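Undergrad: sequence and predicted model, in that order:
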Amino acid sequence: MKTIRPVFIGIFFILLFLIRIQPAFAQVKINELMPNPEGEDKDLEWLELFNQENVPFDVNNFILKDADSHQLTIDLSRVESSTIIPVSGWLIIKRSGHSTFSLNNDFDTISLFAPETSEPMDIFSYTGSTEGLSRGRLPNGGGINEDNLDPTPGFSNQSIPSPSPEVSPSPNPSSSPNSNQTIASPSPSPLASPTPSPQPSKIARIKDIVLLAPETPEPILGTQSGQPFDSAQGKPDWQLAIMLLITGAGLLLLTAIIIVKLWRKK
């Protein structure tokens, strides 16, 4: 009974250790990778791990496997300075000329294994690649994005920004006139003719000419003073003048006849 008790205590501490360390494993993700760099693939290919845990995590001696089960061991020769991933931080793993492990350009599946384990901590699968662009998760540690990403090794992943539409400049009008074009000369403004001032109507006055019948006070024929000319034409009324002349001639003739009759009676 005394020998069984230490065994149970040992199993308890082992289970406690596994419970504490397993969530940390689950929080380390293959976050971004560059399968088709601009240049030599075996020297410039890289992938990025992201630590979602609230404590730093060391991936020294962890193993990466491609779809052909070629392995790459993570150590100081594959990183910049340390294999420890800071909290909510990134770690770049470089291929650095590895002869067998690779990130295929057409399709591949990359798996991350803890030392001496057979179950992968994380798996990243992709199909197709574009030179100079990466494949990754959006947001960090989330789902694998179907489209290419703008490469951001060691920084937060981001999609490729949409290009801004280019505004074509409007052509500037030529200052020199084209020989084939007719330039319209400005039309002269018509000069306003001065409005003639209205002239006062001329009024002609003639003497009163009255023809009286014997023993009658009312005139038979005549004109009154102040008879106007034709003001619309600016000339005297010639018909009236002729009538007056005829009337005068008739009066003279009548006077002559009366004188002749009186002379004969004597």
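TA: Yep, it's here.

Undergrad: mind listing what's buried along stretch 142-157?
TA: Residues 145, 148-149, 151-152, 157 are the ones in stretch 142-157 that count as buried (16 or more other CB atoms under 10 Å). All C-beta spots, glycine's among them, are computed from the backbone N, C-alpha and C.

Undergrad: just stretch 128-135 next, same as before
TA: 129, 133-135.

Undergrad: in strands, which of those fall?
TA: residue 135 (DSSP state E).

Undergrad: what about the strands in the chain?
TA: Using DSSP E, strands in the chain cover 28-34, 46-51, 57-58, 63-65, 71-73, 84-85, 90-94, 107-113, 122-127, 135-136, 149-150, 158-159, 209-212, 219-223.

Undergrad: any residues touching the second one, and which ones?
TA: What it means is strand 46-51. Taking contacts as CB atoms under 8 Å, 6 or more residues apart in numbering, the residues outside strand 46-51 that touch it are 27-34, 37, 57, 59, 64, 85-95, 103, 110, 112, 124, 136-137, 140-141, 153-154.

Undergrad: thinking again about what came up before, out of the buried residues of stretch 128-135, who's nearest residue 262?
TA: For these, the residue nearest residue 262 by CB to CB is residue 133; the value is 146.3 Å.

Undergrad: how's this structure carved up into domains?
TA: For the chain, automatic domain parsing gives the domain ranges 4-159, 209-265.

Undergrad: how about these, which one is nearest residue 166?
TA: domain 4-159 (20.1 Å).

Undergrad: show the average pLDDT along that closest one.
TA: For domain 4-159, mean pLDDT rounds to 89.

Undergrad: ok, back up a step: report the buried members of the contacts of strand 46-51.
TA: If we count by 16+ other CB under 10 Å, the contacts of strand 46-51 have these buried: 27-34, 37, 57, 59, 64, 85, 90-91, 93-95, 103, 110, 112, 124, 136-137, 140-141.
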